[in-house]
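1. Need the 3D shape of this:
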Amino acid sequence: MMNNQLPKQLQNLSDNKKRVIRKVNQKINDNKQPQRTIRNRTIPILFTGLITCIIILSVVFLTLEVKPHLSSTDLNEQHNLQEQVREASFTIIENVTDAPTFHTEWQTSPSQKWQLTLDGKGEFGEEEGMGTIYLQHRETNEMTEYILTDNENKMRTPKKLVWLDDNRILMTIGLSQGMVSQGGDVYVWDIRKNALLPLIILTSPREEISNVELIENNQFIYEKFIYETDQMEYNQSRIENGTIDRIMGTVEQFGQGTMTIKQENDVVVTYAVDLENIQYWSGEKLEEVEEGTLKNGHFEIIVVDGIVTLILKK
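-> Numbers count the residues shown, from 1 in each chain. Okay, here's the model as predicted:
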């Protein structure tokens, strides 16, 4: 009996072992299947994450403020904005209480009554960005803010300010951005009438007036910064000096491109005349003025490098 049952028990044991093995294999297969699913899903997830990071980095890079390095062509195109500035004035904000914070040194007017500064351009007025003029009465401390108008995209800004007299300022206006731009053109700004008159307008984008300084009573010196190549490399540049003289007097004679002026000290001097650019205060071209008009009043004459360039009515 025992001999007959043993093979059957062994057979049952073998069947049980087979069932166990099948269950173990099934469990192993069940465990492997999710891993394959996870592995299959990991690849597209990683790829999607990589694409997302690239997009985010691209957006961040594009939104960074990039300082433009202006070429000769860029400057030439933007130089056409000069016509807009010729007719420009300033938006006036009176009774300002917020003091300038990033400004040039205060400059006192000849009578010591007023002082002004340029804010937004740093201590030396050479930083990139738009500059705002602050004018302050030294006794009352009342302050007025002046912002250049007719200034598309804020591409142009005041840079250098020098008192001409208590009512007028010599001012350079140039590009607000780009380290290539060293200066600009020169204007006379009449504070009372809030208007700009062009004084030195340079036609070449490689030339700019980089500085204007008072050297003695009614005489100024200016620096012209000149790039010698279209690549506008700083090491291939030079500076030329010129003069701006302010003369008070009467016009004795005008004709054939010359003007004889009797100055306040009774000295009579004949100057060449810049017929193309010379203006009355009103903006009239000198050649369009009626004959004899210039002898009827006292004038302030601005002479640039020995050439009468601007006549201001008193």
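
2. so what's E264 up against?
-> Shown in contact with E264 (CB atoms under 8 Å, 6 or more residues apart in numbering): M248, G249. C-betas here are computed from N, CA, C, even on glycine.

3. From N218, how far out is it?
-> 10 Å (CB to CB, to the nearest Å).

4. Then M171?
-> 17 Å.

5. So these two - more neighbours on which side?
-> Neighbour count, other CB atoms under 10 Å: between M171 and N218, M171 has more, with 23 against 13.

6. wait, isn't that one in contact with Y187?
-> Yes: using CB atoms under 8 Å, M171 is in contact with Y187, at 5.1 Å.

7. what do those two both touch?
-> Shared contacts of M171 and Y187, counting by CB under 8 Å, 6+ apart, come down to L196.

8. ok, which stretches of the stretch 101-250 of the chain are strands?
-> Ranges of strands in the stretch 101-250 of the chain, per DSSP state E, counting those that start in this stretch, are 107-108, 114-119, 132-137, 143-148, 156-163, 168-175, 185-190, 195-200, 207-216, 219-227, 237-255.

9. Report how many residues lie close to the nearest residue to F299 once chain neighbours are set aside.
-> Nearest residue to F299 in three dimensions, chain neighbours excluded: I311, at 5.3 Å (CB to CB, 6 or more residues apart in numbering). Neighbour count for I311, taken as other CB under 10 Å: 22.

10. quick one, phi psi at I311?
-> Note on I311: backbone dihedrals following degrees, to the nearest 10 are phi -120, psi 120.

11. Going forward, count from 63.
-> Okay, residue one is now 63; in that scheme the one you just asked about reads as I373.

12. OK, contacts around it?
-> I373 neighbours (CB under 8 Å, 6+ apart): V313, I340, Q341, Y342, W343, L348, L356, F361, E362, I363, I364.

13. list the contacts for the fourth one?
-> Residues counted as contacts of Y342 (CB under 8 Å, 6+ apart) are L348, V351, I373, K375.

14. and the last one, bridged to which residues?
-> Going back to what we said before, that points to K375. F361 (DSSP bridges).

15. From what I see, it and I363 are in contact.
-> No: the pair K375 / I363 is not scored as a contact, 10.9 Å apart, by CB under 8 Å.

16. Looking at those two, which is more packed in?
-> I363 (22 against 10).

17. Quickly find the element holding the more buried one.
-> With elements taken from DSSP states H and E, the one containing I363 is strand 361-366.

18. and the angle for that strand with strand 230-237?
-> Put simply, strand 361-366 runs at 40 degrees to strand 230-237, going by axes from the mean of the first three to the mean of the last three CA atoms, to 10 degrees.

19. Using CSV, list the CA coordinates for strand 361-366.
-> Provided in CSV are the C-alpha atoms of strand 361-366 (Å, rounded to 0.1, in the frame of the first residue of the first chain):
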residue,chain,number,x,y,z
PHE,A,361,20.8,141.6,-30.5
GLU,A,362,22.6,138.8,-28.9
ILE,A,363,24.8,137.2,-31.5
ILE,A,364,26.2,133.7,-31.2
VAL,A,365,29.4,133.1,-33.1
VAL,A,366,30.7,129.6,-33.7
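
20. helices or strands up against that strand?
-> strand 257-262, strand 299-317, strand 369-375 (3 or more CB pairs under 8 Å, 6 or more residues apart in numbering; DSSP states H and E).
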